[in-house]
Each structure stands twice: as structure tokens, then as C-alpha cells.
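**Q** got a sequence here, can you model it:
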Amino acid sequence: MLKNTLFLLALLLPAAARAQPRGPGTYALASDPHKSYRGALLLSESGLRVKDEAGNASRIAPEVLAYAKTDDGRVFVPAAGFLVPSGATYQKMGPTLVERLDSGRVCLLRYESATAGVLRYDGAYERTSQVSVYLARPAGAAEAVSLPAYAWTNQGAKLHAALRPYAAGRPDLLALLDGSAVRDDTLPAFFRALNSGQPFVKP
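**A** Take a look at the predicted model:
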């Protein structure tokens, strides 16, 4: 019953597909989002580890952050209220750090969490697989909503039904949904078109 209402995309990906974000970057706190700090960042769904330019290390919980941005352009923000697979059931997430892929009228977010891994000889943890879930969060909304995977068995009917309310007023995007042209790999392009007001450009 609950499963039928879930808007989920859960994929097991090899570790090589997406490394845990780390490196130099900037971040801001929710209490003062216009003031940014610089440091060496290590990001995960549980929050941010940062070493500042003076060498001081600290941990920052997702609910305390406004955003974190690595120098390669990836942006991470806190999100909550969405559901992710947890064994044979689903878990509603509290404040969690997720990647922001597009923003504007509706934010497209991506939650990632390691589901397996190995401890390397140098003491570093290396992911061997992870869960990846796409999320949508309208501007001003308190919670994000998980999106369903494109299922070949129904030509993405659940995914397209979840996207239709966001595309209201955009006949070109609704036509794409009617034609089953939007899949998991074209979600970023769909939201880019939605938020920019520009035509959809297939990657």
C-alpha cells in the first residue's frame, strides 16, 4: 500500500561511477547564508567534514548548513522528508546532505549513500556500491519528494505521473512526458528546461 505511493529511484552503482565528494571548496551556515567559509571539504549524506585554512578540523551537521560547494562546481544542500530503501522497507529521512543538480521553480536533488564498501590498506573507506535516489523539491517547500525510476515495463508511467504537476503550463514538456521521452538519464535536462523556461535539450 505504502510502496505504491513511493516516488523512488534506487540504483546500485559501482564505486568508480561517483567518488565521495571531497576537495577544496566553500560552505555557508544556515544562520548566515550570505557569509561563506573556505576549506578542504569531505561530504557525505551525514554531513560535512571541513578543515579550514588554519588546519582546524570540524564536523557540520546537514541542518546547520546552508550549502557546501566544491571547486569543481558541485553544490550540496540539506533536504528532509523523502523516503529511501532500507532493506525490505523504506526510511523517511531527516536532515540529510544531498547534491543539488538544478534549481529554480523546482529543485532537482540527488541523495546518495554507500551500501557496501571496503577498508583500504591506507585506512580510507572505498565504496563498492551505493543507493542513488533523485528528489524534487518545489521552491519554498520544506520537504523533498523521491522520484520513481523509469520502468521499462510501463514505459515510465509512474515517473511521468510524478513529473506532470511540475510541468503544468509547459505543453512542450508535457508532450515529452506523453511520449515517454523522459528517463532517469534525462531528468537533469528536463528540470533544466523547466527552471530556465528554455526548450528541452536531450544530453
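**Q** CA atoms for contacts and neighbours, from now on please.
**A** Will do.
**Q** can you tell me the centre-most residue of this protein?
**A** Central residue of the chain (CA atoms, centre = their mean): residue 110, 1.4 Å from the mean position.
**Q** model confidence over the helix or strand containing that one, on average?
**A** Using DSSP states H and E, residue 110 maps to strand 106-119. Mean pLDDT, strand 106-119: 76.
**Q** tell me, how many residues neighbour residue 195?
**A** By other CA atoms under 10 Å, 18 other residues sit near residue 195.
**Q** ok, and the helix or strand in this structure with the lowest average confidence?
**A** strand 11-14 (a mean of 34; mean pLDDT, DSSP states H and E).
**Q** could you give the separation of the next helix or strand along the chain from that one from the chain centroid?
**A** Counting by DSSP H and E, the next helix or strand C-terminal to strand 11-14 is strand 22-29. Chain-centre distance of strand 22-29: 17 Å, with CA atoms, centre = their mean, to the nearest Å.
**Q** mind giving me the packing neighbours of the longest helix seen in the chain?
**A** What stands out as the longest helix in the chain, according to DSSP state H, is helix 187-196. Packing partners of helix 187-196 (3 or more CA pairs under 8 Å, 6 or more residues apart in numbering; DSSP states H and E): strand 96-102, strand 106-119.
**Q** contact partners for residue 177?
**A** 160, 163-164 (CA atoms under 8 Å, 6 or more residues apart in numbering).
**Q** how much space between it and residue 55?
**A** 50 Å (CA to CA, to the nearest Å).
**Q** okay, helices next: where are they in the chain?
**A** Using DSSP H, helices in the chain cover 157-163, 171-178, 187-196.
**Q** that older thread, give the bridge partners for the residue nearest to the centre of the chain, please.
**A** residue 99, residue 134 (DSSP bridges).
**Q** domain parsing for the protein?
**A** 3-147, 149-203 (automatic domain parsing).
**Q** pLDDT below threshold where in the chain?
**A** 1-20, 114-130, 153 (pLDDT under 70).
**Q** one more pass at 80, please.
**A** Low-confidence segments of the chain, defined by pLDDT under 80: 1-21, 86-88, 114-131, 149-155.
**Q** could you dump the helices of the chain to TSV with distance to residue 33?
**A** Listed next are these as TSV, based on distance: least, CA to CA, whole Å:
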stretch	distance to residue 33
helix 157-163	30
helix 171-178	33
helix 187-196	22
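**Q** the residue nearest to residue 67 when sequence neighbours are not counted: what's it in contact with?
**A** Spatially, and ignoring its direct neighbours in sequence, residue 67 is nearest to residue 77 (4.6 Å; CA to CA, 6 or more residues apart in numbering). Going by CA under 8 Å, 6+ apart, residue 77 touches 62, 65-68, 97-100.
**Q** and of those residues, the nearest to residue 41?
**A** residue 68 (8.3 Å; CA to CA).
**Q** next one: that closest one from residue 170, what distance?
**A** From residue 68 to residue 170 the distance is 32 Å (CA to CA).
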